[in-house]
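Chemist: Sequence and predicted structure, then a few things I'm wondering about:
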Amino acid sequence: MDYKQMTAPCGLDCFNCPMYEARTNEKLRQIIAQNMNLPEEKAKCEGCRNENGTIDFLGMREPCSVYRCISSKGLDFCGECEAFPCDRLHPYADKANLVPHNTKVFNLCLIRKMGLEKWAQDKAKSVKDTYFKGSFKL
């Protein structure tokens, strides 16, 4: 698998996202379309890098600020930048229960520490599962 192509520059793991899986899973695409009130052809995502930083089902017409920044610096991931972490990766609470964006910095740190392949194969899914299903621990 080309994990670099399937991981957004901000650290989101497209390969573990239902919208990405819906590209090739028609039944899942139908369920997503119904649940999100989207036309079936928009109930999927090709991944950040494949869509040049825009996400069609979100109605994005221009690349997000992270994608533009990384592209201008010639980097693959934010974690490679001397300014990491910056406010482009700041976590937000609204819609935290719906979107995994608050996992970005943690994922980028793990990619830096473990390497992309090992993170993708051994850790990315558990990060997402913990975020959505785990209990808060101090």
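Modeler: All right, it came through fine. Numbers count the residues shown, from 1 in each chain.
Chemist: mind listing the strands for this structure?
Modeler: Using DSSP state E, the chain contains no strands.
Chemist: what ranges do the helices span in it?
Modeler: 18-21, 26-36, 65-73, 104-114, 116-122, 124-133 (DSSP state H).
Chemist: Select, out of those, the one closest to T7.
Modeler: Across those, T7 has its closest neighbour in helix 116-122 (6.8 Å, Cβ to Cβ). All C-beta spots, glycine's among them, are computed from the backbone N, C-alpha and C.
Chemist: Give me the contact list for the closest one.
Modeler: For helix 116-122, the surrounding residues in contact (Cβ atoms under 8 Å, 6 or more residues apart in numbering) are 1, 3-4, 6-7, 13, 15, 107, 110-111, 114.
Chemist: Could you identify the most distant pair in those?
Modeler: M1 and L110 (17.2 Å).
Chemist: re earlier: can you put the helices of the chain in TSV and add mean neighbour count and mean pLDDT?
Modeler: Formatted as TSV, these follow (neighbours: other Cβ atoms under 10 Å; pLDDT from 0 to 100):
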stretch	mean neighbour count	mean pLDDT
helix 18-21	18	92
helix 26-36	14	94
helix 65-73	16	95
helix 104-114	19	92
helix 116-122	16	95
helix 124-133	14	88
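Chemist: Including distance to I55, could the ones you listed go into TSV?
Modeler: Shown next, in TSV, are these (distance: least, Cβ to Cβ, whole Å):
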stretch	distance to I55
helix 18-21	8
helix 26-36	13
helix 65-73	10
helix 104-114	14
helix 116-122	20
helix 124-133	17
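Chemist: C45 is in contact with E51, correct?
Modeler: Yes - E51 is in contact with C45 according to Cβ atoms under 8 Å; the separation is 7.2 Å.
Chemist: more neighbours, the two?
Modeler: Neighbour count, other Cβ atoms under 10 Å: between E51 and C45, C45 has more, with 21 against 17.
Chemist: and the residue lying closest to the more buried one once chain neighbours are set aside, what does it touch?
Modeler: Ranked by Cβ to Cβ, 6 or more residues apart in numbering and with sequence neighbours excluded, the top spatial neighbour of C45 is M19, at 3.9 Å. Neighbouring residues of M19 by Cβ under 8 Å, 6+ apart: 32, 43-45, 57.
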